[in-house]
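*Asks:* Fold the following for me, if possible:
(2 chains)
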2 protein chains.
Amino acid sequence: MKARVTISLKNGVLDPQGKAIAHALHGLGFDNVGEVRQGKVIELDLGDIAAADAPAEVEKMCTQLLANTVIENYEFELLD
Amino acid sequence: MKARVTISLKNGVLDPQGKAIAHALHGLGFDNVGEVRQGKVIELDLGDIAAADAPAEVEKMCTQLLANTVIENYEFELLD
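*Replies:* Now for the predicted structure:
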C-alpha cells in the first residue's frame, strides 16, 4: 500500500518560493500569472502496514514529521 | 482560472530528500515505511488567460521553468 501526502502552506503564510516562481514566469513573458504557491507531495511505500491501521499511521507521520502544522496544511490519500 | 502542477522525479533518479525522510521516519519508529519520494506541487493563478489557451500556456511554463524535464516528470490539472 502507498500513501500520497500533499503539504501546502496555510493561507496568509508568506511563500517566498512561490513569489520567486511568479517573478521568473513574468520574466519569461507569462504576464497573466497571478499568485503562485508551492507545496510538497510525498509518496510513501507503507510496506506491510495493515490497511485498517494505515490512516492513523500516516496521520501520525504527518503530525510528527512531514508537516509543520503551525504553518502548513496536509492531506493524504491511500493508494493500492 | 487556476492550475495545479505536480512535479515528481523520474523513476531511477536518486531522491536524497526522500531517503532523508525515510530515515527520519524509521527513527521515529515507523519501521514499515519503504521507499519515500518527494516532489513539488505548484498552484498558479492564471489570471485572465483564456480557457482554450490555458493548457498550452501551462505546458510552456512547465517545460520552460517549472520542471527540469531531464530528471522530472510533470502533470497538471486546470481548476476553476
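*Asks:* Surely A:Met1 and A:Leu78 touch.
*Replies:* Yes: using C-beta atoms under 8 Å, A:Met1 makes contact with A:Leu78 at a distance of 6.2 Å. C-beta coordinates here come from the backbone N, C-alpha and C atoms, glycine included.
*Asks:* what sits in contact with each of those two?
*Replies:* Contact criterion C-beta atoms under 8 Å, 6 or more residues apart in numbering or on different chains; residues shared by A:Met1 and A:Leu78: A:46, A:51, A:54.
*Asks:* Tabulate those in CSV, adding columns for secondary structure.
*Replies:* Putting those into CSV (DSSP: H, G, I helix; E, B strand; the rest coil) gives the following:
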residue, secondary structure
A:Leu46, coil
A:Ala51, coil
A:Ala54, helix
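*Asks:* Now tell me which of the residues you listed the prediction trusts least.
*Replies:* Within the set of these, pLDDT is lowest for A:Ala51 (92).
*Asks:* picking up where we left off before, neighbour-wise, which of the shared contacts of A:Met1 and A:Leu78 leads?
*Replies:* The most crowded member of those, judged by other C-beta atoms under 10 Å in any protein chain shown, is A:Leu46 (21 neighbours).
*Asks:* Next, the contact list for it, please.
*Replies:* So A:Leu46 contacts A:1-3, A:54, A:57-58, A:78, B:32-34 (C-beta under 8 Å, 6+ apart).
*Asks:* Looking at the residues you listed, which is nearest B:Ile21?
*Replies:* Distance ranking of the contacts of A:Leu46 against B:Ile21, using C-beta to C-beta, places B:Val33 first at 8.7 Å.
*Asks:* What's the per-residue pLDDT of that closest one here?
*Replies:* We have a pLDDT of 96 for B:Val33.
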